[in-house]
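1. got a structure for you, letters missing:
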């Protein structure tokens, strides 16, 4: 433990005075605050303005420290041993079971509903007139889902670090994350629209290339922005409310975001494509509204970019995470090709793929969110408690398999596509277990690796998890159907 002078300790205490006053009041402890000279205040302000991340106490840290015999001025959060904040094995089992299982069940329902909505909108006239919309769907769903997962893990980390300790701090954090999310949504929507138009050059349709680009950018950007605004608000509410009630947002944030994200995106996509794609293309001004929407999206992106770049804690995140997003889009596209090739031979496979990949990806993002929080909280150490996270992997793996097998049995009882033999059930259970284990190990390794390279796991890891999980899960499921 460091022994600091009273002056330096006073400076550190006042640096977090707002958080300390609130936490200590809730914990019914008292702290004697010392005055700070103008010179010291200027020095502290200068050092904090030049730092992208600064120390904020978590409620657990502050309460534990205020009740100890040592003075709070002579201790920092980084000096607290990790064991002081480690939960017992029984506490972790109970917490993960009670909090993660309901979130996973909600995500299963969301995946099933999303599949139903997708089948409906793909039969609409808009997809007939603009065939490139079929290309847009999978890429847009993947990229938009990942930027929303990133927001969920970022905000969960901030909540667990004590940065949402009061309404003012919570509003500042939520607003900053929403601005970044909507900026990324604008960029994703415009980019996906252009890419879809280029990839569909050989497809037959009723519009020219320029009109197609305009419509696709308009549909993609409006869907991404409106959908992300809805899901971003849901994430903010989930994280703040769960944290207020003592529920770890790391355990439920990403499953809730993914469960509703695809469904909301598809509903908004169906409405936007119907409104912007006119059936009668002989009307000379049919493309005016798509042009207005596309231009408005670009203008909104410029406004949001300026807002994000003026925020010292978010400006550097604009350029972060795009390579992992590209990787996720590529691997998910490979998974889509595999499903397309196997769908005619194995009719039951397409209905299982979203659930297998979705649940496996969710347990991986839950672990990544927990490890990221631990790394931020104990960033003086280069890795979190391996024992704690190894136990988390085991618990999440044991949660994953029964939920997956339960869905398979329920689906086959309601909509039978093949006989359920003991060999098939065993092979399916082994496949989903291998898939979940691989995703969980990837999450642990990726978080520690990106952190050691100076990158925030909250911005980089989720796309690697979902992309790899989609491809691996689809391959394993196809092998099970081929073998049995």
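-> Here it is on my side, so go on. Since this is a predicted model, take the numbers as computed values, not measurements.
2. For residue 147, list the residues it contacts.
-> 181, 184, 185, 188, 228, 325 (C-beta atoms under 8 Å, 6 or more residues apart in numbering). To be clear about C-beta, it is placed using only N, CA and C from the backbone, and glycine gets the same treatment.
3. Tell me if I'm right that the last one and residue 144 touch.
-> No. In terms of C-beta atoms under 8 Å, residue 325 does not count as a neighbour of residue 144; the distance is 10.0 Å.
4. shared neighbours of these two, anything?
-> With C-beta under 8 Å, 6+ apart, residue 325 and residue 144 have common neighbours residue 188.
5. thinking again about what came up before, from the contacts of residue 147, list the buried ones, please.
-> 181, 184, 185, 188, 228, 325 (16 or more other C-beta atoms under 10 Å).
6. Cross-reference those residues with the helices and report the matches.
-> Using DSSP state H to define helices, the subset of the buried ones among the contacts of residue 147 located there is 181, 184, 185, 188, 228, 325.
7. distance of the fourth one from residue 347?
-> From residue 188 over to residue 347 the distance is 33 Å, taken as C-beta to C-beta, to the nearest Å.
8. Over to the second one?
-> Going from residue 184 to residue 347 by C-beta to C-beta gives 37 Å.
9. State the helix or strand in which residue 111 lies.
-> Using DSSP states H and E, residue 111 falls within helix 89-121.
10. circling back to that earlier point, export the ones in helices among the buried ones among the contacts of residue 147 as CSV, with columns for pLDDT and distance to residue 210.
-> Listed next are these as CSV, based on pLDDT from 0 to 100; distance: C-beta to C-beta, whole Å:
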residue, pLDDT, distance to residue 210
181, 95, 30
184, 95, 26
185, 95, 24
188, 93, 22
228, 95, 27
325, 92, 27
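11. low pLDDT regions in the stretch 101-250 of the chain?
-> 202-208 (pLDDT under 70).
12. which residues in it form helices?
-> Applying DSSP state H, counting those that start in this stretch to the stretch 101-250 of the chain gives helices spanning 125-129, 132-160, 167-199, 209-244, 249-276.
13. Which one of those lies nearest to residue 430?
-> helix 249-276 (23.4 Å; C-beta to C-beta).
14. hmm, back to that, dump the helices of the stretch 101-250 of the chain to JSON lines, plus distance to residue 435.
-> JSON lines is the format used below for the helices of the stretch 101-250 of the chain (distance: least, C-beta to C-beta, whole Å):
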{"stretch": "helix 125-129", "distance to residue 435": "31"}
{"stretch": "helix 132-160", "distance to residue 435": "18"}
{"stretch": "helix 167-199", "distance to residue 435": "27"}
{"stretch": "helix 209-244", "distance to residue 435": "25"}
{"stretch": "helix 249-276", "distance to residue 435": "16"}
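15. Quick one: closest of those to residue 110.
-> helix 249-276 (3.1 Å).
16. Determine the set of other helices and strands touching the closest one.
-> helix 89-121, helix 125-129, helix 132-160, helix 209-244, helix 288-309, helix 349-377 (3 or more C-beta pairs under 8 Å, 6 or more residues apart in numbering; DSSP states H and E).
17. got the buried residues for it?
-> 249-270, 272-273, 276.
18. Wait, residue 189 touches residue 136, no?
-> No. At 9.6 Å, residue 189 and residue 136 do not qualify as touching, with contact defined as C-beta under 8 Å.
19. List the residues that are in contact with both of these two.
-> residue 220.
20. Looking at these two, which is more packed in?
-> Neighbour tally, residue 189 and residue 136, criterion other C-beta atoms under 10 Å: the higher count belongs to residue 189, 31 against 25.
21. ok, the more buried one - contacts?
-> Per C-beta under 8 Å, 6+ apart, neighbours of residue 189: 140, 217, 220, 221, 222, 223, 224, 225, 297.
22. Distance of the first one relative to residue 223?
-> Noted for residue 140: a distance of 7 Å to residue 223, by C-beta to C-beta.
23. can you list residues touching both of the two?
-> 189, 265, 269.
24. Am I right that the last one is in contact with residue 221?
-> No. Taking C-beta under 8 Å as the definition, residue 269 is not a contact partner of residue 221, at 11.4 Å.
25. Run the chain-centre distance for the helix holding residue 111.
-> Put simply, helix 89-121 sits 14 Å off its chain's centre (C-alpha atoms, centre = their mean, to the nearest Å).
26. ok and that helix relative to helix 349-377, angle-wise?
-> Counting by axes from the mean of the first three to the mean of the last three C-alpha atoms, to 10 degrees, helix 89-121 lies at 140 degrees to helix 349-377.
27. re earlier: now distance to residue 112 too, for the ones in helices among the buried ones among the contacts of residue 147, in a markdown table please.
-> As requested, those are exported to a markdown table (distance: C-beta to C-beta, whole Å):
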| residue | distance to residue 112 |
| --- | --- |
| 181 | 26 |
| 184 | 27 |
| 185 | 25 |
| 188 | 25 |
| 228 | 22 |
| 325 | 26 |
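28. related to what we said a few turns ago, in TSV, list the helices and strands packed on helix 249-276 along with distance to residue 315.
-> Below are these laid out as TSV (distance: least, C-beta to C-beta, whole Å):
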stretch	distance to residue 315
helix 89-121	32
helix 125-129	38
helix 132-160	14
helix 209-244	19
helix 288-309	5
helix 349-377	18
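29. Residue 458: which of those is closest?
-> Using C-beta to C-beta, these put helix 132-160 closest to residue 458, at 4.4 Å.
30. Now the closest one: buried residues?
-> 132-133, 135-160.
31. Specify the angle between that helix and helix 349-377 in degrees.
-> 30 degrees.
32. tell me which of the shared contacts of residue 140 and residue 223 is nearest to residue 398?
-> residue 265 (31.2 Å).
33. how about the residue nearest to that closest one when sequence neighbours are not counted, what does it touch?
-> Excluding its sequence neighbours, the residue lying closest to residue 265 (C-beta to C-beta, 6 or more residues apart in numbering) is residue 227, at 4.5 Å. Counting by C-beta under 8 Å, 6+ apart, residue 227 makes contact with 144, 185, 261, 264, 265, 268, 269.
34. One more: residue 458?
-> With C-beta under 8 Å, 6+ apart, residue 458 has these contacts: 150, 153, 154, 157, 369, 372.
35. how about the shared contacts of residue 140 and residue 223 in a markdown table, adding distance to residue 333?
-> Shown next, in a markdown table, are the shared contacts of residue 140 and residue 223 (distance: C-beta to C-beta, whole Å):
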| residue | distance to residue 333 |
| --- | --- |
| 189 | 18 |
| 265 | 17 |
| 269 | 18 |
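36. Out of these, which is nearest to residue 170?
-> The closest of the shared contacts of residue 140 and residue 223, once distances to residue 170 are taken by C-beta to C-beta, is residue 265, at 26.1 Å.
37. surely the closest one meets residue 139?
-> No. Applying C-beta under 8 Å as the test, residue 265 and residue 139 come out as separate, 11.6 Å apart.
38. before we move on, the earlier item: counting by contacts, list what the helix holding residue 111 packs against.
-> Against helix 89-121 (3+ C-beta pairs under 8 Å, 6+ apart) you get helix 249-276, helix 349-377, helix 386-414.
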